[in-house]
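Trainee: give the three-dimensional model of this entry:
(3 chains)
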Amino acid sequence: MAYSDKVLDHYENPRNVGSFDKEDPTVGTGMVGAPACGDVMKLQIKVGENGIIEDAKFKTYGCGSAIASSSLVTEMLKGRTLDEAQAIKNTSIVEELALPPVKIHCSVLAEDAIKAAVADLKSKKK
Amino acid sequence: MTNETSAMPIYMDYSATTPVDPRVAEKMIPFITESYGNPASRSHPYGWTAEKAVENARNEVAKLVNADPREIIWTSGATESNNLAIKGASNFYSSKGKHIISVATEHKAVIDAVREMERLGYETTFIQPEPDGLIDIKKFKDAIRPDTVLASVMMVNNEIGVIQDIDALGKACRAEKIIFHVDAAQATGKVEIDLEKLPVDLMSFSAHKTYGPKGVGALYVRRKPRIRIEAQMHGGGHERGMRSGTLATHQIVGMGEAFRIAREEMETENAHIKKLQLRLLSGLTEIEETYVNGDIEKRVPHNLNISFNYVEGESLIMAIKGIAVSSGSACTSASLEPSYVLRALGRSDELAHSSIRFSIGRFTKESDIDYAIELLKEKIGRLRELSPLWEMFQDGVDLEKVEWAEH
Amino acid sequence: MIYFDHNATTSVHPEVLDTMMPFLAAQQGNPSSNHSFGRNVQTAIEEAREKVANSVNAHPSQVIFTSSGTESNNTIIHGICRSYPDSHFGFSSIEHPCISEPIKSIESRGFKNTQIPVDINGLLNVSALSNEEQKNITFLSVMMANNETGVIQDMPAIIKWAKSRNIQTHTDAVQAIGKINVDFEELGVDAMTISSHKIYGPQGAAALILNKKIDLYPHLMGGGQEKGLRSGTENIAAIVGFGKACERVQKNIVIINNEVKKYRLLLERELKGLGAVIFAEQTERLDNTTFFAFNNIDGSTLLTALDRKGYAIASGSACSSNSSDASHVLLAMGVEPELAQGALRVSLGIKTKEGEVKSFLEALKTEVSRLKQLTAMAA
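Mentor: Modelled structure (predicted):
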């Protein structure tokens, strides 16, 4: 499988790897995928008082494209509002990373991870 | 990590294909440049030279497995040998019955040929091996029916390298007058094969898994008691009518030479490779949460198949570009499915996904092994830092109890 | 030794060998492997596929690599009978056994066939079949050029006839490629067989060119190579060599049509002078092939005598040289068995020199007159 340079870059030098305390009320955690399917993404966002995403971290079990997709997403999320974050579509990830058709599911998973993280945060706020 | 920047990685995929031994290449080349000729041309010396070389090679192949040269039929490779044996014998002996026994961990060529017989009205039983990859002889015997015509079991598994007890399985077949086919593509030059003693009727060989060229293989067809097969490739009547088609003389010569070298050097070579295997095993099992797939004792020294828990296979392969290995068998590694062989052993999808097959051989050096161990230690560590599953494992979460959102 | 048996097999061209060498000697991967060793050889195979396709004006996706012409022919026949269970196979009476035998082998499974005769000129004679017989055929295989006589069939007319009856078509073009222009698309056949070792490529590689309208069931099953149509690890070195050989096909045709043709005309003129019968003399034939016999001279004696003098020629096709049976091709053409028994084939190649042909003729003259004297004494 030939990966694009961007995938390789994110894979070799993943951005924002790590974890926040998931009990922190300003942290939203999204965990999607399943080990049996070969990929699990954990995406966390940390939101400031102004409602803007200050920081994002991820951990991913999966192929190079899955790792690259989640790494890219952590970069995209910073500085966005929750609504803006939810507006991120998998197609923009596909485009940015030039993912081949067999790897599109990785971008879908990343989009799901964002939605799950935002939903988690919102449920904490209630 | 000096190899990281070199053009080609260290080759540890000998079970997919072996490099051609330089001595083999040397023998082959004159048969392309000078002594060309169609071995079936009986009217001039070009044909005779070719024919003599072909018969000499047949002798070498027969010698490695202690068979009569007249029992060796050339084919284009083990895939064709397997197709010919399974379709050819079950068709020929169909009056005995239409039930075939095979094993869930066989090579695709065997499985697909057996499935084809199923579509042609045969019934089949695929035996599930034990978690160590070996066949329980009792389960094998239980699968035998009065109408069982053929059983096909591989000697050495291509993915996990385990060696089946061919002698015991063969005896069980003999007792019930069942034709016994053995795919030995991964066995030649690695384990001793004595067809005078082994109760095997048909055996498939490949050249390119034993330092010979691609595009040539052979099928052993027992003469005493005589086994008959229905040809699958017709026309011209080469190979006593069992397999027609112009023989590629240089390739056959290459296979003969490769098998000669295997016979003469197997013993010393295996001792050397065994040492390397143990070195690799002890190095890699220093890494936490590693699982060897397949029995470690009844296994060829050339193979080590290990699952690295909590890292995903494809990203692992990407991470270890300095060595050329495979996840699952070569034929299926382009797909995203976990290895069917590991699944048949009852391995979880996760462990199947995170498996790496290291297959080493004649040209593997100790320094290659050390490099691989260091590389794996570093990269597994890095990928686990990235892995949410590893984090959960460290936190004591039981992954079995997590409800995953399968997609 | 002078080699005049190019229809049996050809030597590997030095340029072909050069392209093969890195794949013969150095460490190679399995094309199915997902690492750089595997990818490198996969790329080499795809490049070869393109060259093979170009040489016969087909699309690379239509090229299925096999191990030999025999395998290609078996693949199409066995595959068709599995995907089209109502098939009725038509084939010419001069086909190579690797077409006629697979067709006969499936008779026991209920597949019917009709053998189509050829006329005295070696050309397919469809009109010799009854209407009923013509109507039955669903699949037709006719070789483009015959390996023994060199006769070139009128393929456009045959394909036109077949198409008007919705008959699926295959042609064995193993002998034609490299000697005459072969155009898969223009021809409009559904499938075609070509082979490497007849065009100065190595043994061990061949192709089945397949129109995708045909739903072909695989013959060799397993790893799913060649889009599932031909399993088995690819014979990389041979495939790469085959590709290179195909690249040279047009050059070879020019040599054959110009140089070699002259030598054959010279050869046949002299042969006739010696009293030889040239089979299908008046028919359009491959420019490198002469199939002939002398009345009252035993062919195998002449063959042996010429061999001792250093000339490698053939009696009939390579595959049947060891049987004493008369050529089935000549018998099908209606040639007398006694004459057919003694038939000899000279097939020239791109490196054949005029001097070689001339010295061969000298040797032949001596032997023929010697044998004629012996025959006369015996009479």
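Trainee: what helix or strand is the nearest residue to B:Lys377 once chain neighbours are set aside on?
Mentor: In space, B:Lys377 comes closest to B:Ile287 once its chain neighbours are excluded; the distance is 6.0 Å by Cβ to Cβ, 6 or more residues apart in numbering or on different chains. No exception for glycine: its C-beta is placed from N, CA and C like everyone else's. Here B:Ile287, judged by DSSP states H and E, is contained in no helix and no strand.
Trainee: so for B:Ile287, what's the pLDDT?
Mentor: Turning to B:Ile287, the model gives it a pLDDT of 97.
Trainee: mind checking how far it is from chain C?
Mentor: 21 Å (Cβ to the nearest Cβ, to the nearest Å).
Trainee: again, but for B:Ala405
Mentor: 28 Å.
Trainee: ok, now B:Asn56?
Mentor: Taking Cβ to the nearest Cβ, one finds B:Asn56 at 17 Å from chain C.
Trainee: could you report the neighbour count for that residue?
Mentor: Under the neighbour criterion other Cβ atoms under 10 Å in any protein chain shown, B:Asn56 is assigned a count of 15.
Trainee: tell me, how many residues neighbour the closest residue to it other than its chain neighbours?
Mentor: Among residues not flanking B:Asn56 along the chain, B:Gly256 sits closest, at 6.2 Å (Cβ to Cβ, 6+ apart). Neighbour count of B:Gly256, defined by other Cβ under 10 Å: 29.
Trainee: does B:Gly256 touch B:Arg58 like I think?
Mentor: Yes. The criterion here is Cβ atoms under 8 Å, and B:Gly256 meets it with B:Arg58 at 7.1 Å.
Trainee: for chain B, which residues are neighbours of chain A?
Mentor: Residues of chain B lying near chain A by Cβ under 8 Å from any Cβ of the partner chain: B:310-315, B:318, B:334, B:336, B:338, B:348-350, B:353, B:385-391, B:399, B:404-407.
Trainee: buried among these? Make that a ChimeraX selection.
Mentor: To isolate the buried ones among the residues of chain B next to chain A in ChimeraX, judged by 16 or more other Cβ atoms under 10 Å in any protein chain shown, type:
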select /B:310,311,312,313,314,315,318,334,338,348,349,350,353,386,387,388,389,390,391
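Trainee: okay, and which of the residues of chain B next to chain A map to helices?
Mentor: Within the residues of chain B next to chain A, residues falling in helices by DSSP state H are B:313-315, B:318, B:349-350, B:353, B:385-386, B:388-391.
Trainee: can I assume the residue nearest to B:Lys377 is in contact with B:Glu378?
Mentor: No. With contact defined as Cβ under 8 Å, B:Ile287 does not count as touching B:Glu378 (10.4 Å).
Trainee: tell me which of these two has more neighbours.
Mentor: B:Ile287 (16 against 13).
Trainee: list of residues touching stretch B:265-277?
Mentor: Residues from elsewhere that reach stretch B:265-277 (Cβ atoms under 8 Å, 6 or more residues apart in numbering or on different chains): B:189-190, B:192, B:301-304, B:360-362, B:364, B:366, B:369.
Trainee: and B:Phe180, what element?
Mentor: Going by DSSP H and E, B:Phe180 is part of strand B:179-183.
Trainee: tally of neighbours for C:Arg109?
Mentor: C:Arg109 - counted by other Cβ under 10 Å - has 11 other residues nearby.
Trainee: assumed B:Gln186 was part of a helix.
Mentor: No. Assigned with DSSP: H, G, I helix; E, B strand; the rest coil, B:Gln186 falls outside any helix and is coil.
Trainee: distance of it relative to B:Ile193?
Mentor: 12 Å (Cβ to Cβ, to the nearest Å).
Trainee: stretch B:358-369: how far from the chain's middle?
Mentor: A distance of 18 Å separates the centroid of the chain from that of stretch B:358-369, by Cα atoms, centre = their mean, to the nearest Å.
Trainee: mind listing what's buried in the lengthiest helix in chain A?
Mentor: If you go by DSSP H, chain A has its longest helix at helix A:104-125. For helix A:104-125, the neighbour count (16+ other Cβ under 10 Å) marks A:104-118, A:120-121, A:124 as buried.
Trainee: same deal with stretch C:148-167?
Mentor: C:Glu148, C:Thr149, C:Gly150, C:Val151, C:Ile152, C:Gln153, C:Met155, C:Ile158, C:Ile159, C:Trp161, C:Ala162, C:Ile167.
Trainee: anything in it near chain B?
Mentor: No. Figure legend: stretch C:148-167 not in contact with chain B (Cβ under 8 Å from any Cβ); closest approach 13.4 Å.
Trainee: now do that stretch, average pLDDT.
Mentor: 96.
Trainee: dump the C-alpha coordinates for it into PDB.
Mentor: Listed next in PDB are the C-alpha coordinates belonging to stretch C:148-167 (Å, rounded to 0.1, in the frame of the first residue of the first chain):
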ATOM      1  CA  GLU C 148       3.400 -27.700 -38.600                       C
ATOM      2  CA  THR C 149       2.400 -26.300 -42.000                       C
ATOM      3  CA  GLY C 150       2.500 -22.600 -41.000                       C
ATOM      4  CA  VAL C 151      -0.900 -22.100 -42.700                       C
ATOM      5  CA  ILE C 152      -2.500 -18.900 -41.700                       C
ATOM      6  CA  GLN C 153      -6.300 -19.100 -41.300                       C
ATOM      7  CA  ASP C 154      -8.600 -16.500 -42.600                       C
ATOM      8  CA  MET C 155      -9.500 -15.300 -39.100                       C
ATOM      9  CA  PRO C 156     -11.600 -12.300 -40.100                       C
ATOM     10  CA  ALA C 157     -14.000 -14.600 -42.100                       C
ATOM     11  CA  ILE C 158     -14.000 -17.200 -39.300                       C
ATOM     12  CA  ILE C 159     -14.800 -14.600 -36.600                       C
ATOM     13  CA  LYS C 160     -17.400 -13.000 -38.800                       C
ATOM     14  CA  TRP C 161     -19.100 -16.400 -39.200                       C
ATOM     15  CA  ALA C 162     -18.900 -17.100 -35.500                       C
ATOM     16  CA  LYS C 163     -20.200 -13.700 -34.500                       C
ATOM     17  CA  SER C 164     -23.200 -14.000 -36.700                       C
ATOM     18  CA  ARG C 165     -24.100 -17.100 -34.700                       C
ATOM     19  CA  ASN C 166     -23.300 -15.700 -31.300                       C
ATOM     20  CA  ILE C 167     -20.400 -18.200 -30.900                       C
END
